[in-house]
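Asks: dropping a prediction and its sequence here:
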Number of protein chains: 2
Amino acid sequence: MTESPVHHEPPIYRRIADRLREQIRSGALGDGDRLPGENALMSEYGIARATARQALAVLINEGLAVPRRGSGVYVRLFRPIRRHGSRRLSREQWGQGQAIWDSDARGRAYTVDEVRIQRERAGEQAARALGAELVWVRRRRYLVDGRPVQLAASHFPADLVEGTPVVLADTGPGGVYARLGDLGLAPVRFTEEVRARMPVPVEADSLELPPGNPVISVSRIAYADGGAAVEFNEMVLDAAAYVLQYDFDA
Amino acid sequence: MTESPVHHEPPIYRRIADRLREQIRSGALGDGDRLPGENALMSEYGIARATARQALAVLINEGLAVPRRGSGVYVRLFRPIRRHGSRRLSREQWGQGQAIWDSDARGRAYTVDEVRIQRERAGEQAARALGAELVWVRRRRYLVDGRPVQLAASHFPADLVEGTPVVLADTGPGGVYARLGDLGLAPVRFTEEVRARMPVPVEADSLELPPGNPVISVSRIAYADGGAAVEFNEMVLDAAAYVLQYDFDA
C-alpha cells in the first residue's frame, strides 16, 4: 500500500497542541506558566481564532492546562502522589501506630479538613460488600500541599463497631485499622476495584477540579481473618494528582 | 450550626441530571436509549433551553450519555470488563497455553484487529524501565464485542528477544510470556502503575471515544527471576469499559 503523507498530516490545531504539550513535558513550560494566547497563536501560525482556540482546547481537555476567565490558559501540573496498593496497607504500617494516610511516598503530609461520622442505612454497594443493613460511615476530605486530592467514605458494619473507638473522630495511634485489630478484626486481605470517570458535580466542587479533569474511583473491601468483610471504603481521587502502584507475583 | 436547607438545594439543572442518572442506573433507561430532548425538558420542568442543555451536559460529561449531531443525546453503557491484576497474570494462565488476553472474566473474547511489530530506539520510559536502548515493540488494538477497548505497546529488550518467536506475529500457545519462559525469562513479578487522564487525540480516534470519555493508563513492568526487567507494557484503556481489580494481603 502506498501512503500519501499529505493525507496523514494531522490538522494544524493538533500540531500546535503537540508542540505545546512537548514544551510542557520537557519542562520548558512549567506549572502555572501562561500558554501563548489566541492572538499570539494566530499571528505565529497564521491561523483563525477558532483554530487557535481548538489547539488550546486539546490541552485543556487532556488536563494539562486550565483556562482562567478573562486571563488566559495556564499550565497545571502537580507532582503526582504515588499510592502503593500493597505496601501502603501492610500491617507494618498501621501495626506500628502509623495511620496509613499520614504521608505519601514522597514524604508530603496528608491533612484532613473535613470529617463527618454518622450511622446510617447502608447504600446498595456497601450493603452488598459488608452484608450489613446499618453502617457507621467516616467521610473525609484529604489534602496534600493544601490541595484537595481525595474524598473517602469508610463504611463499617454497625453491629461490629458500635460503641468502639472506630466511630470516634480521633481513633488514636494506627487509626481505624489498629482499632479494628483491638477488636480482633484486623484486616488481613484487601480487594480494590479501580475505575476512572468524569466527576459528578458534587465531587468536582469538593475536589475543586477544573473542567475536563477525570477522577479515579477506588472501592476497597477489607477482610478479617476468617473472611468477614469489616470495611468498605469508597474513595474518589483527583486523577491528575495520583499514580496508583500495585506489585504482585506471577 | 443551624443549616437552612433552602441554601443547600442544588440548582435545577443538577436535580434534572440526578433524576436522569437515576433512571440510567436503575435500568429504566438502557444502553442506546434516547434521553428526553431539550424541548421535552423545557416543557416538563418549565425551564430555559440553556438549563435543559446544562442538565444533559452533566450526563455527557460523566460519560453516561453521548450526543449524536442533529439527533439527540443517547445513553451509552457497556458491561465493564473486569481485569484482574494478579489472577489474570498468574502462571497458571499462560503456563497452560492460554494467552492472558484471550477472554475477560465474563467470558467475552478479546480480538486483536491491529498488530504492528517493530524494532526501534526505546523511548524515555521504556529505556528506564528495561535498561535497554533498543527494543522490539508489539503494538496492538484490542476489541470486545466489536468495540475497541484497549491499546497496548509491549516493549522487550532487543538483545533478549532478537530472532526469537517473541518478535513474530503469531507467538504460539501461551503467547509472549510462554515464549519468554522458553528463553528462561519467565516473568515472576509484576509492577503496575495506574493513572487516569483525558485521551490525546490519536488515542481518542483509535478507541473511538466520545467527547468527555477519559482513559486509564496502565504501565506494567514484568521481572524475571533474578530481577531483570523483561517487558515494559504501556496500555491505554477506555475508562468506560473497564474495572481493574487487585487483591492483596495485609
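Replies: Structure received.

Asks: other SSEs contacting the lengthiest helix in chain A?
Replies: With secondary structure taken from DSSP state H, chain A has its longest helix at helix A:12-26. Helices and strands touching helix A:12-26, by 3 or more CB pairs under 8 Å, 6 or more residues apart in numbering or on different chains; DSSP states H and E, are helix A:38-45, helix A:49-61. C-beta coordinates here come from the backbone N, C-alpha and C atoms, glycine included.

Asks: deepest-packed of these, please.
Replies: Here the criterion is mean neighbour count by mean count of other CB atoms under 10 Å in any protein chain shown, and of the helices and strands packed on helix A:12-26 the winner is helix A:49-61, at a mean of 19.

Asks: so which of the helices and strands packed on helix A:12-26 comes closest to residue B:23?
Replies: With CB to CB, the closest approach to residue B:23 among the helices and strands packed on helix A:12-26 belongs to helix A:49-61: 28.0 Å.

Asks: quick check: angle from the closest one to helix A:38-45?
Replies: Helix A:49-61 runs at 110 degrees relative to helix A:38-45, counting by axes from the mean of the first three to the mean of the last three CA atoms, to 10 degrees.

Asks: okay, angle between helix A:49-61 and helix A:12-26 too, please.
Replies: Comparing the axes of helix A:49-61 and helix A:12-26 via the same axes, to 10 degrees yields an angle of 40 degrees.

Asks: could you pull up the mean pLDDT of the longest helix of chain A?
Replies: Averaging pLDDT along helix A:12-26 gives 91.

Asks: and the contacts of that helix?
Replies: Where contact means CB atoms under 8 Å, 6 or more residues apart in numbering or on different chains, the residues beyond helix A:12-26 that reach it are A:9-10, A:29, A:35-36, A:41, A:45, A:47, A:51-52, A:54-56, A:58-59, A:62, A:64-65, A:75, A:77, B:200-201.

Asks: rewinding a little: JSON lines for the helices and strands packed on helix A:12-26, including distance to chain B and mean pLDDT?
Replies: Shown next, in JSON lines, are those (distance: least, CB to the nearest CB, whole Å; pLDDT from 0 to 100):
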{"stretch": "helix A:38-45", "distance to chain B": "17", "mean pLDDT": "96"}
{"stretch": "helix A:49-61", "distance to chain B": "5", "mean pLDDT": "89"}
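
Asks: low-confidence ranges, chain A, go.
Replies: Along chain A, the model assigns pLDDT under 70 to residues A:1-9, A:86-107.

Asks: ok, residue A:59 touching residue A:65?
Replies: Yes - counting by CB atoms under 8 Å, residue A:59 does reach residue A:65; the two are 4.2 Å apart.

Asks: for those two, list the residues in contact with both.
Replies: Common contact partners of residue A:59 and residue A:65 (CB under 8 Å, 6+ apart): A:24, A:35, A:73.

Asks: present those residues as JSON lines; the columns should include neighbour count.
Replies: Listed next are these as JSON lines, based on neighbours: other CB atoms under 10 Å in any protein chain shown:
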{"residue": "A:24", "neighbour count": "20"}
{"residue": "A:35", "neighbour count": "23"}
{"residue": "A:73", "neighbour count": "22"}
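
Asks: quick one: which of those is nearest chain B?
Replies: residue A:24 (12.3 Å; CB to the nearest CB).

Asks: look up how far chain B lies from residue A:158.
Replies: 23 Å (CB to the nearest CB, to the nearest Å).

Asks: that residue: what's it in contact with?
Replies: Neighbouring residues of residue A:158 by CB under 8 Å, 6+ apart: A:119, A:132, A:134, A:135, A:136.

Asks: now do residue A:125
Replies: Taking CB under 8 Å, 6+ apart as the test, what residue A:125 contacts is A:219, A:232, A:234.

Asks: if you rank those residues by neighbours, which is first?
Replies: residue A:232 (25 neighbours; other CB atoms under 10 Å in any protein chain shown).

Asks: how about the strands in chain A?
Replies: Secondary structure of chain A (DSSP state E): strands at A:65-68, A:72-75, A:81-84, A:110-121, A:134-144, A:147-157, A:187-197, A:215-224, A:229-238, A:242-249.

Asks: can you give the strand pairings for the first one, parallel or anti for each?
Replies: This points to strand A:65-68. strand A:72-75 (antiparallel) (DSSP bridges).

Asks: which other residues reach the strand it pairs with?
Replies: A:24, A:29-35, A:37, A:56, A:59-60, A:64-68.
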